[in-house]
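J.: Just the structure for this:
(one chain, ligands or ions: 4)
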Amino acid sequence: MPSLLRTLLLGIFLASLTSGQITSPNYRIDVHSHAIPSIWKDAMTAAGFQVKNGTLYNDGVPVPDWTLDSHISAMDTLGVNYSTISITAPGVSFVKNAGKAKLLARSINLILHEYTQAHPTRLGALCLLPLPHVNEAIEELKFCLDSLKFVGVGLYTNANGVYLGDPALGPVFAALDARNASVFVHPASPTCTSVALGYPMPMTEYPFDTVRAIENLLLTGQRAQYPGLKMIFAHGGGAIPYLATRIAGIATLSYAGGLAFTETMAQLTGYYFDIARATSAIQLTALKSFIGANKLVTGTDYPYVPLSQAQSGLAGVQVNGNFTDEEMGYIKYQNALEIFPRIASALQRR
Ligand SMILES: *[C@@H]1O[C@H](CO)[C@@H](O)[C@H](O)[C@H]1NC(C)=O
Ligand SMILES: *[C@@H]1O[C@H](CO)[C@@H](O)[C@H](O)[C@H]1NC(C)=O
Ligand SMILES: *[C@@H]1O[C@H](CO)[C@@H](O)[C@H](O)[C@H]1NC(C)=O
Ligand SMILES: *[C@@H]1O[C@H](CO)[C@@H](O)[C@H](O)[C@H]1NC(C)=O
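T.: Ligands and ions are numbered 1, 2, ... in the order given. As a prediction, the model looks like this:
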């Protein structure tokens, strides 16, 4: 089995690291944390995002104050050795002009790159793509992965209503697959914002949008076309652990696609899920039973999840999930190293 082979190679790699670089079980990789460069906030303000009492709001949530230094010190407080940084939704999709969206994405990617150059053993960047503009997104993907050597790519569940799974995104998936890219999928707001009844989008619409994207990837056949692409969905896969058997059951019916139940379940459990805001006993018990410790990765969603909540969340993972020390090693860093070979080489190069 290829995954067994990978695990074996990973073991050899880990053993080959020089003294104490990665010391199980203390090492921790956070795949879900956000940088908030001021150029991005300025662009949102200029585009008319709500500003209340001097604070910018995005999807109903105040955009936190953030600096590179505060990020590193938060990592120290959380016991996080290495973080991948990305831009949260909506990325640059609020810029409607393709050329301008690409320019903004490029500026932000260059800033993310600077952050990682300042802390090469602590930070890796996930490329921001100017979707739904496919050609511009592919150019940016090539620039980030091939020239800047980013550790992976960030996608959103939808970009202006174009969901993962949409045939229009075929060339993007082909370009990702050709590079064995490591992909992190962050939830976004659906375009019909009225469904949230005025409540903050991340509270429930983000997890539901993750379900929509995973469902669309299933029912359009796009995931089946690229089954080897390593994809992480945030926040415990949204509501997928709870809804997967329902989706797979309905998908067996001819009017919904007539897909084989076991194949659907295999596809849905073939992703990785991070545990940001999914650290309660109820959530971790479901995740452990649905996808297992070999498919879970650590995420904090800092700074959108405040430091104190991220800290207590991480502190409860082992007990709440009743995970063994070995399982904790997978969740804390071993799975992330398998998903992101470029992190492994960055640490090895040290
Ligand atoms: C990882 O972080 C932990 C907690 O902050 C620390 O004890 C450990 O030495 C770090 N490991 C490496 C290799 O930096
Ligand atoms: C507005 O901002 C000021 C300064 O940050 C703060 O002291 C005040 O409480 C805020 N008012 C409201 C209504 O949020
Ligand atoms: C992608 O991974 C496959 C299998 O792991 C390997 O055969 C292929 O050479 C890799 N391609 C690239 C571009 O790294
Ligand atoms: C915790 O997991 C162990 C196996 O690792 C199992 O024996 C035990 O029953 C579990 N405890 C609970 C409360 O589920």
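J.: Can you name the residue of the stretch 251-350 of the chain nearest to ligand 1?
T.: residue 347 (8.1 Å; CB to the nearest ligand atom). Using the backbone N, CA and C atoms, a C-beta is placed for each residue, glycine as well.
J.: which SSE is that residue in?
T.: Applying DSSP states H and E as the criterion places residue 347 in helix 341-348.
J.: Quick check: mean pLDDT of that helix?
T.: Mean pLDDT, helix 341-348: 93.
J.: So which elements touch that helix?
T.: Under the contact definition 3 or more CB pairs under 8 Å, 6 or more residues apart in numbering; DSSP states H and E, helix 341-348 sits against helix 2-16, strand 82-86, strand 123-128, helix 335-339.
J.: which outside residues touch the third one?
T.: The list of residues contacting strand 123-128 from outside it, by CB atoms under 8 Å, 6 or more residues apart in numbering, reads 71, 82-87, 91-92, 105, 108-109, 112-113, 115-116, 140-141, 144-145, 148, 150-154, 184, 340, 342-343, 346.
J.: Any stretches of this structure with poor pLDDT?
T.: Where the chain drops to pLDDT under 70, the residues are 1-25, 350.
J.: Most remote residue from the middle of it, which is it?
T.: Using CA atoms, centre = their mean, the residue of the chain lying farthest from its centre is residue 254. It sits 32.7 Å away.
J.: Contact partners for that residue?
T.: By CB under 8 Å, 6+ apart, no residues touch residue 254.
J.: how far away is it from residue 30?
T.: Note on residue 254: its distance to residue 30, by CB to CB, to the nearest Å, is 44 Å.
J.: Residue 62 now?
T.: Residue 62 sits 22 Å away from residue 30 when distances are taken as CB to CB.
J.: The two - which one has more neighbours?
T.: residue 30 (28 against 15; other CB atoms under 10 Å).
J.: Tell me what that one is bridged to.
T.: Counting by DSSP bridges, residue 30 forms beta bridges with residue 83.
J.: so what's it up against?
T.: Shown in contact with residue 30 (CB under 8 Å, 6+ apart): 75, 78, 80, 82-84, 298-300, 302.
J.: at 6 Å instead, please
T.: 80, 83, 298, 300 (CB atoms under 6 Å, 6 or more residues apart in numbering).
J.: which residue sits closest to the first one, ignoring its sequence neighbours?
T.: Counting by CB to CB, 6 or more residues apart in numbering, residue 80 lies nearest to residue 30, which is 4.5 Å off, once chain neighbours are set aside.
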